[in-house]
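Peer 1: sharing a sequence plus its predicted fold:
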Amino acid sequence: IVDCVVYPLGDQLIVRAKSGFTTKALKTSAKYAKCRSNAQEFGRVSRLCKVMRQALWGILPRQHNLAVAFAQAEAQQALEGYAFNPMTALDVQYTLTDTHVSGAITAVPYTENATHLGWRVHVLAFDFAAPAHQLTSGDWQYTALKAPDWVFVLERPTVPDCTGVVLTLLEVALYTQAKDGYAPCADGSKTVLVVGVGR
């Protein structure tokens, strides 16, 4: 209907404005550049995984081979210290115990309008065989960038009862203090580190 799209969703009829999204726009519009970049990145990983599975056809177990791989101590050790955003200039030193993650930020990139560092800890229980997951997150804590040092001690959320692999993640980001709280910096200066696996 003119500039609206009408479609059924469950037992309701939904009416929304046309978004302008088309296959052609996805391929060429600057608005969707990030979508194209993400698709290319995941596409490359997916193709490489497929080639690896094909090369090992008949050798790998047919089911749960990822779950079996992550059950190995070597795979868990390799994952510790992995940074989900390796391009960040945030330099994080950390120590993990059963109840806490502690450490210090030793280098922070210049980011316009950044006034604070924020950090929190997550525990992700991930069952590769199911697949299923459960995420438990701690609260954000902040310290001013003008503080004499950037040291943190964070309580580790309780590890849920589960099967699979338990990942402890440390999230560190730059924030701007506003009158009603903290806002993440626009350039996305953040890192997420795997600080523990299988504990």
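Peer 2: Noted; the coordinates are in hand. Numbering: from 1, shown residues only.
Peer 1: count of residues packed around residue 191?
Peer 2: Residue 191 has 20 neighbours, counted by other Cβ atoms under 10 Å. All C-beta atoms are positioned from the backbone trio N, CA, C, and that covers glycine.
Peer 1: oh sorry, the question was meant for residue 71
Peer 2: Neighbours of residue 71 (other Cβ under 10 Å): 15.
Peer 1: that one: what's it in contact with?
Peer 2: Neighbouring residues of residue 71 by Cβ atoms under 8 Å, 6 or more residues apart in numbering: residue 165.
Peer 1: any idea how far it lies from residue 79?
Peer 2: 12 Å (Cβ to Cβ, to the nearest Å).
Peer 1: and for residue 113?
Peer 2: 34 Å.
Peer 1: which of these two has more neighbours?
Peer 2: Using other Cβ under 10 Å, the more surrounded residue of residue 113 and residue 79 is residue 79, with 15 against 12.
Peer 1: got phi/psi on that one?
Peer 2: Main-chain torsions, residue 79, degrees, to the nearest 10: phi -80, psi -30.
Peer 1: give me the phi and psi angles of the closest residue to it other than its chain neighbours.
Peer 2: Spatial nearest neighbour of residue 79, chain neighbours left out: residue 197 (5.0 Å); criterion: Cβ to Cβ, 6 or more residues apart in numbering. Here is the backbone geometry of residue 197 (degrees, to the nearest 10): phi -130, psi 130.
Peer 1: please apply the same query to residue 139.
Peer 2: phi -80, psi 150.
Peer 1: ok, it - contacts?
Peer 2: Taking Cβ under 8 Å, 6+ apart, one finds residue 120 in contact with residue 139.
Peer 1: at 6 Å instead, please
Peer 2: By Cβ atoms under 6 Å, 6 or more residues apart in numbering, the contact list for residue 139 is empty.
Peer 1: which elements pack onto the lengthiest strand in the chain?
Peer 2: Using DSSP state E to define each element, the chain has its longest strand at strand 165-178. Contacts defined by 3 or more Cβ pairs under 6 Å, 6 or more residues apart in numbering; DSSP states H and E place strand 165-178 against strand 116-127, strand 181-184, strand 190-197.
Peer 1: angle of the last one against strand 165-178?
Peer 2: Direction vectors for strand 190-197 and strand 165-178, defined by axes from the mean of the first three to the mean of the last three Cα atoms, to 10 degrees, enclose an angle of 150 degrees.
Peer 1: same question for the first one.
Peer 2: Here strand 116-127 points in a direction 160 degrees away from that of strand 165-178 (the same axes, to 10 degrees).
Peer 1: pLDDT averaged over strand 116-127 - what is it?
Peer 2: Average pLDDT, strand 116-127: 91.
Peer 1: quick check: buried residues in it?
Peer 2: For strand 116-127, the neighbour count (16 or more other Cβ atoms under 10 Å) marks 116-126 as buried.
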